[in-house]
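Undergrad: here are the coordinates; sequence isn't available:
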């Protein structure tokens, strides 16, 4: 099975206007509560700390609203500034509790994800075979969503081989990783925590097991908590079992 990741949102789908995104997920309040906006650290009853740098036709400096699901409250201009600083994919993440509104996508460069199965078992999962995921991303040029648009990026250590047990939970993690790959969430362009190299492809907060038969680096098996932990990391990126039902 091969899956390619395409850069960017589907062609022809215009990106929503930033202000529309803020309006979609918030409800404006008539009176500001007596608390601070955690984005600009000013009181909600005074103007947004971003009103001098964020241009908006429709949101005033004093406009305050709460997010529809989690009810955390912010200056609407502060939410707009935060959104415009991200990759403007139509989704919004509450800076307080990390609830995701819409479908969060990342900035993973184009590449290929392949899946293989074989009968050898992983330490700690002797009752089943193994799923091998092979990720391959070539060197390339950074897009507008990356740290240095137009500059080259490196992609070291590819193809990368990752392992899951071929049991019910491992297969569920695999299906969710496919969703995360499609949404460009597994890798990103940034600074390597191991070498300090900038403008290079790095893992993005979803841990993978890259060793099969030993656990020298902590990235191998046995690890009885791994599948639960990776499900939590996927959920933090908005990738949950609900996504599989929608497919």
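TA: That came through fine. Since the model is a prediction, treat every value here as computed from it, not as a measurement.
Undergrad: any idea how far residue 169 is from the closest residue to residue 124 other than its chain neighbours?
TA: Sequence neighbours aside, residue 222 is the residue nearest to residue 124 in space, at 2.9 Å (criterion: C-beta to C-beta, 6 or more residues apart in numbering). Where you see a C-beta, it was placed from the backbone N, CA and C, and this is true even at glycine. The gap separating residue 222 from residue 169 is 15 Å, by C-beta to C-beta, to the nearest Å.
Undergrad: What of residue 35?
TA: Taking C-beta to C-beta, one finds residue 35 at 41 Å from residue 169.
Undergrad: between those two, who's got more neighbours?
TA: The neighbour comparison of residue 35 against residue 169 (other C-beta atoms under 10 Å) goes to residue 169, with 15 against 10.
Undergrad: So which other helices or strands are in contact with the helix or strand hosting that one?
TA: For residue 169, the host element (DSSP states H and E) is helix 168-182. When contacts are defined as 3 or more C-beta pairs under 8 Å, 6 or more residues apart in numbering; DSSP states H and E, helix 168-182 packs onto strand 2-5, strand 111-118, strand 130-136, strand 160-165, helix 226-236, helix 241-246.
Undergrad: pLDDT on it, on average?
TA: Taken as a whole, helix 168-182 has a mean pLDDT of 97.
Undergrad: same deal with stretch 225-244?
TA: 92.
Undergrad: ok, now which ones touch the closest residue to residue 64 other than its chain neighbours?
TA: Nearest non-adjacent residue to residue 64, counting by C-beta to C-beta, 6+ apart: residue 32, 4.4 Å away. Contact analysis of residue 32 by C-beta atoms under 8 Å, 6 or more residues apart in numbering lists 43, 44, 45, 62, 64, 73.
Undergrad: Help me confirm that residue 32 is found in a helix?
TA: No: applying DSSP: H, G, I helix; E, B strand; the rest coil, one finds residue 32 to be coil, outside a helix.
Undergrad: While we're on it, how confident is the model there?
TA: 95.
Undergrad: Any figure for the gap between it and residue 233?
TA: With C-beta to C-beta as the criterion, residue 32 and residue 233 are 35 Å apart.
Undergrad: got it, and residue 138?
TA: Taking C-beta to C-beta, one finds residue 138 at 26 Å from residue 233.
Undergrad: quick one: which of the two has more around it?
TA: The residue with more neighbours, out of residue 138 and residue 233, is residue 233; 18 against 13, by other C-beta under 10 Å.
Undergrad: How much space separates that one from residue 86?
TA: In terms of C-beta to C-beta, residue 233 sits 19 Å off from residue 86.
Undergrad: likewise residue 111?
TA: Separation of residue 111 from residue 86 (C-beta to C-beta): 22 Å.
Undergrad: if you count what's nearby, which of the two comes out ahead?
TA: Higher neighbour count among residue 111 and residue 86: residue 111, with 22 against 14, using other C-beta under 10 Å.
Undergrad: Skip the chain neighbours and tell me the closest residue to that one.
TA: Counting by C-beta to C-beta, 6+ apart, the nearest residue to residue 111 once its immediate chain neighbours are dropped is residue 137, at 3.4 Å.
Undergrad: Now do the contacts for that neighbour.
TA: Listed by C-beta under 8 Å, 6+ apart, the contact set of residue 137 reads 108, 109, 110, 111, 112, 155, 158, 187, 201.
Undergrad: what residues are up against the first one?
TA: Remark: with contacts taken as C-beta under 8 Å, 6+ apart, residue 108 is in contact with 5, 137, 181, 184, 185, 186, 187, 188, 204.
Undergrad: let's see it at 7 Å
TA: Applying C-beta atoms under 7 Å, 6 or more residues apart in numbering, we find residue 108 in contact with 5, 184, 185, 186, 187, 188.
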